[in-house]
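Sequence first, then the predicted structure:
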Amino acid sequence: MEKAKKRQFGIIATIVLVAVIVLGLMWATATANRNAEHQDTLARVEKLGRIVWGVKADTRLFGLMDTKTGISQGFDIDIARALTVQISKQTGVPMSAEFVPVSTASKMQLLKNTNIDGSVSTMTITPEREKIIDFTNQYFDAGQSILVKKDSGINSIKDMNSSKYTIIVVVGTTAATETAKFAPKAKLLAVQDYATGMQALKSGQGQAMSTDNAILYGFATENPDYHIAGGTFTHGPYGIAFDNNQKPMIKETNAALATIKQNGIYNQLIKKWFSNVPGLDWHSLEAK
Amino acid sequence: MALLQNNFPTFLQGFGYTLLSSIIALIGSMILGTGFAIMQIVPQKWAQVIGNVYVQVFRNIPLLIITFFFFLVVSKYVKMSGFTSGTVALMLYTSAFIAETVRAGILSVNGGQMEGARANGLSFAQAMQYIILPQAFRIALPSLGNQFINLVKNSSILAFVGGLDLMYQGNMVAANTFDTFSTYIIVAIFYLILTLPLSYYIQHLERKLKRAL
Amino acid sequence: MVTLGIFSAFTPQNVLYLLGGLGITVGVSVISVILSLIFGSIVGIIQFERLPYFSKFVGTINNIIRNLPLLLIIFFVYFALPKIGIHLPIFWATVIAMSTFESAMLAEIVRGGLESVDNGQFEGARANGLSNMQTMIYIVLPQAYKKMIPPIISQLISLVKDTSLALGIVLSEMTYRGQIVYAQNSTYIVPVLIAITLVYFLLNYGLSLLAKWADHKLA
């Protein structure tokens, strides 16, 4: 190409590219605004005939990956399956349950982004979260505790209120924000997931790991040198989460939850997953 | 940009830790890298083998795994925080690349110079220190600069082990505000403040070097 | 007890699970390297051609992408793009993030490769009546690519290693699957980390030997 032609081409190409980028940004902002508007989860799952549930993959008893099938196994998964069956019955639309492993750090984002429809992933109902997403009634009763080495001499969270202690938490959990209220002087170490947290505790990155007792029971079962010290110091039952303002979906799910609690399926699942946990009175977890 | 205003101290702290980690890892990996580069070219066979194995191993495994190894396994025996584990891993990983760069630099210095220096009564170490290395570093400067940029970018690995760096703080802000879009753009700008000027300076150096050759 | 852990970590199903993760790691890397070769070449040629304004503009965008951490790009594509209506499954989100980043890296390599081709070749080809486009496709690019094979293989090595970053968005690749296996039992951590390190090493060392061989053969 001779110089003038090259120059012409360069200018035109630049204008086109700038135009594409500007239009792209405008389109992006428009979509962002449109997406901020309401999208009905119930309508979406009925249309697609499936509910995509976000579940844990690294949490014993609630959601632990089965390496054979590639699907998590645990109380949360069984609850999600039972709810899907019940919601299908209620709405008359046959729906299948699909499972996507989520990390504690990512699950809220995935819900907001509609990568998943709902989340049954050991999620505590909190007022702050309720501003951003919707919760059903509680499906499991939990509270925050600490897991420490048996010979550590730490008997409760109060013992840890000193700058010489580090408490391990997971990014995005209620423990990450609540712990500081009970042991304000202790240092916090936030990791990405529970498996890493437990490893970090064992390798001495901290003296305690703090999260819900229910999750810690799983780790205590697996690691006999560790135990839960001092019982729960918060009360934070788990709820099933959906995106914001999903009244129809919440209503269906609450109805389904009430039904499985009534017809005994819920208690069967409690027995299946929690009757073997040492030191846990699993009957107290049953639906009355 | 209220997001930036509200969380400015957090971002700034992250920026500080990223910078600190990068500088420590840079100094460490320059020393280690030069050491292993020299090991690969000394006459002693055993030193060559050690140098080679070190470089090949650290070049070919993911930085994330090295970081996990220090954070979760080594720390059982030697106490170290997430920041330290990440920085040490970053240093070892980068040193393998720096060793390669410096070695290439040394090899590109005319072989006759070593012989000349030795003939003039300098020891191998002296010849290395005064004659070869200064030239090698000058030749390798642009590639070393690129390694430093990579190091700054790779320091984002600290986010996986609670290393308090920019990426970690960004994730925390994103988790609290749910405004992922703006948060990650702000984080990007902070990284670019570090890397972009360096990158343009290296391009300038490269052009200068090319003209000189 | 430790030795027991070493053996019991590698049950057939855990090994298969980890190998499946390796498949995803390799899949992401190979697709990304192909995509970034295409886009990287286009951007590299644009920069090489020195078109007024256009090359500078594209070059600046390229520099910005090149100077960001890959981890940030991955988080951005998966967590921030849905905000503007772009929803990607996790596998493709990773592929797109890695391709974007790698394209920027490869563009630099392509530009460097083109600049190293002797200027006389252009003039010779033009004198023989080939158009600019034809010269590029038949004469210059083949030579440039030959020189670029070793650096391209190094980029593939980086991709294989960098795929591990996608565990931050829970992509089920090898490092993430390693974590899942040692979540079963914490004595598994050392053997599992060593095993996956070994797999990464063998794969990448093999690739680096290939790069060396190609370098030799083409030199």
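Received it, and whenever you're ready, just let me know what you need. Residues are numbered from 1 along each chain as shown, chains lettered A, B, ... in the order given.

And what about residue A:61, helix, strand or coil?
Counting by DSSP: H, G, I helix; E, B strand; the rest coil, the backbone at residue A:61 sits in coil.

Give me the phi and psi for the residue lying closest to it once chain neighbours are set aside.
Computed as C-beta to C-beta, 6 or more residues apart in numbering or on different chains, the closest residue to residue A:61 that is not its neighbour in sequence is residue A:218, at 4.4 Å. (Each C-beta comes from the backbone N, C-alpha and C, glycine too.) Main-chain torsions, residue A:218, degrees, to the nearest 10: phi -60, psi -40.

for stretch C:7-19, the distance to its chain's centre please.
27 Å (C-alpha atoms, centre = their mean, to the nearest Å).

excluding its backbone neighbours, what's nearest residue B:60?
Ranked by C-beta to C-beta, 6+ apart and with sequence neighbours excluded, the top spatial neighbour of residue B:60 is residue C:204, at 3.7 Å.

Tell me where the stretch 101-250 of chain A has helices.
All helices of the stretch 101-250 of chain A, identified by DSSP state H, counting those that start in this stretch, fall at A:107-112, A:127-132, A:174-182, A:194-202, A:213-222, A:247-262.

surely residue A:121 meets residue A:58?
No: at 10.7 Å, residue A:121 does not count as touching residue A:58 under the criterion of C-beta atoms under 8 Å.

picking that back up, pull the contacting residues for the residue nearest to residue B:60.
Residue C:204 is in contact with B:59-61, C:157, C:160-161, counting by C-beta atoms under 8 Å, 6 or more residues apart in numbering or on different chains.

in the chain, which ranges drop under the pLDDT threshold?
Going with chain A. A:1-2, A:33-38 (pLDDT under 70).

Chain C is the one I meant
Ranges of chain C meeting pLDDT under 70: C:1-6, C:219.

residues from it in reach of chain A?
C:13-14, C:16-17, C:20, C:49, C:51-55, C:57-58, C:79, C:82-85, C:87, C:132, C:168-170, C:172, C:177, C:179-186, C:189 (C-beta under 8 Å from any C-beta of the partner chain).

follow-up on the earlier one: could I get the contacting residues of the residue nearest to residue A:61?
Taking C-beta under 8 Å, 6+ apart as the test, what residue A:218 contacts is A:59-62, A:277.

Which residues of chain C lie near chain B?
Contact residues (C-beta under 8 Å from any C-beta) of chain C with chain B: C:63-64, C:66-72, C:75-76, C:79-80, C:83-84, C:157, C:161-162, C:164-165, C:167-168, C:175, C:189-190, C:193, C:196-197, C:200-201, C:204-205, C:208.

Out of those residues, list just those in helices.
Members of the residues of chain C next to chain B lying in helices (criterion: DSSP state H): C:63-64, C:66, C:70-72, C:75, C:157, C:161-162, C:175, C:189-190, C:193, C:196-197, C:200-201, C:204-205, C:208.

and the lengthiest helix in chain C, which residues are buried?
Looking across chain C with DSSP H, the single longest helix is helix C:12-49. Burial within helix C:12-49, assessed by neighbour count using 16 or more other C-beta atoms under 10 Å in any protein chain shown, is assigned to C:14, C:17-18, C:20-22, C:24-26, C:28-29, C:31-33, C:35-37, C:39-41, C:43-49.

do the same with stretch A:253-260
Those would be A:253, A:256-257, A:259-260, for stretch A:253-260 by 16+ other C-beta under 10 Å.

Tabulate these (a markdown table), appending distance to chain B.
Shown next, in a markdown table, are the buried residues of stretch A:253-260 (distance: C-beta to the nearest C-beta, whole Å):
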| residue | distance to chain B |
| --- | --- |
| A:253 | 22 |
| A:256 | 28 |
| A:257 | 26 |
| A:259 | 33 |
| A:260 | 31 |
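
Alongside chain C, which residues does chain B contribute?
B:56-57, B:59-65, B:68-69, B:72-73, B:149, B:152-157, B:159-160, B:167, B:170-171, B:174, B:180-181, B:183-185, B:187-188, B:191-192, B:195-196, B:199-200.

Try it again at 7 Å.
Within chain B, the positions adjacent to chain C are B:56-57, B:60-62, B:64-65, B:68-69, B:72-73, B:149, B:153, B:156, B:159-160, B:167, B:174, B:180-181, B:184, B:187-188, B:191-192, B:195-196, B:199 by C-beta under 7 Å from any C-beta of the partner chain.

which among the residues you listed end up buried?
Buried among those by 16+ other C-beta under 10 Å: B:56, B:60-62, B:64-65, B:68-69, B:72-73, B:149, B:153, B:156, B:159-160, B:167, B:174, B:180-181, B:184, B:187-188, B:191, B:195-196, B:199.

from those, which ones fall inside helices?
Reading helices off those with DSSP H, I get B:56, B:60, B:64-65, B:68, B:149, B:153, B:167, B:174, B:180-181, B:184, B:187-188, B:191, B:195-196, B:199.

Name the single longest strand found in chain A.
strand A:133-140 (DSSP state E).

Using PDB, list the CA coordinates for it.
Output of strand A:133-140 as PDB, limited to C-alpha atoms (Å, rounded to 0.1, in the frame of the first residue of the first chain):
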ATOM      1  CA  ILE A 133     -30.700 -11.800  48.100                       C
ATOM      2  CA  ASP A 134     -33.800 -13.600  49.300                       C
ATOM      3  CA  PHE A 135     -33.900 -16.400  51.800                       C
ATOM      4  CA  THR A 136     -36.500 -19.100  52.500                       C
ATOM      5  CA  ASN A 137     -37.400 -20.200  56.000                       C
ATOM      6  CA  GLN A 138     -34.500 -21.900  57.800                       C
ATOM      7  CA  TYR A 139     -33.700 -25.400  56.800                       C
ATOM      8  CA  PHE A 140     -31.000 -26.100  59.300                       C
END
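
Correct me if wrong: residue A:28 contacts residue C:84.
Yes: the pair residue A:28 / residue C:84 is scored as a contact, 3.9 Å apart, by C-beta atoms under 7 Å.

Quick check, central residue of the chain?
Since you didn't name a chain, this refers to chain A. Nearest to the mean C-alpha position of chain A, by C-alpha atoms, centre = their mean, lies residue A:121 at 3.9 Å.

you looked at the wrong chain, it should be chain C
residue C:159 (3.5 Å).
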